[in-house]
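Participant: Just the structure for this:
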Amino acid sequence: MSTANRIRDSYNDTQRKILYYLSSGIRKGKHYFKSKYIAKDLGLSPKEVGTNMGILAEICEELSIIRWSYSNSTTWLVTTRAA
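Facilitator: Down below sits the predicted model:
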């Protein structure tokens with residue numbers, strides 16, 4: 001099953017939006033993401049992003065999501081998982 005199909009079938013709508021956003025950022029060479037900027041770009045609240053990022057950090061098989069630091073907003077380190 002392709003990564004896109006796994007994302008579509010395994011997560012709720014908000015989590016899918018976040019994962020597509022993160023995947024797009026990784027393809028552009030980004031690895032650090034702040035919750036407040038994800039929220040702004042996706043039209044979500046920072047709290048909603050933080051809650052879902054915490055869940056994704058636990059259950060996401062496609063990406064490694066690690067809470068990196070907190071300075072005005074939580075920063076997340078996101079990388080692809082080795083296959």
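Participant: After the helix or strand where Thr51 lies, which helix or strand is next?
Facilitator: Thr51 is part of helix 46-59 when elements are defined by DSSP states H and E. Next helix or strand after helix 46-59 toward the C-terminus (DSSP H and E): strand 63-70.
Participant: Give the buried residues for that following strand.
Facilitator: The neighbour-count check on strand 63-70 (16 or more other Cβ atoms under 10 Å) flags Leu63, Ile65 as buried. Where you see a C-beta, it was placed from the backbone N, CA and C, and this is true even at glycine.
Participant: about what we covered before: and the angle from the helix holding Thr51 to strand 63-70?
Facilitator: Counting by axes from the mean of the first three to the mean of the last three Cα atoms, to 10 degrees, helix 46-59 points 130 degrees away from the direction of strand 63-70.
Participant: ok, residues contacting helix 46-59?
Facilitator: Residues outside helix 46-59 that contact it (Cβ atoms under 8 Å, 6 or more residues apart in numbering): 10-11, 14-15, 18-19, 35-36, 38-39, 42, 63, 65-67, 73-74, 76.
Participant: what sits against the closest residue to Ser64 other than its chain neighbours?
Facilitator: Nearest residue to Ser64, sequence neighbours excluded (Cβ to Cβ, 6 or more residues apart in numbering): Thr79, at 4.8 Å. Neighbouring residues of Thr79 by Cβ under 8 Å, 6+ apart: Ile26, His31, Leu63, Ser64.
Participant: JSON lines for those residues, including distance to Leu56 and pLDDT?
Facilitator: Below are those laid out as JSON lines (distance: Cβ to Cβ, whole Å; pLDDT from 0 to 100):
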{"residue": "Ile26", "distance to Leu56": "14", "pLDDT": "96"}
{"residue": "His31", "distance to Leu56": "15", "pLDDT": "96"}
{"residue": "Leu63", "distance to Leu56": "7", "pLDDT": "95"}
{"residue": "Ser64", "distance to Leu56": "10", "pLDDT": "96"}
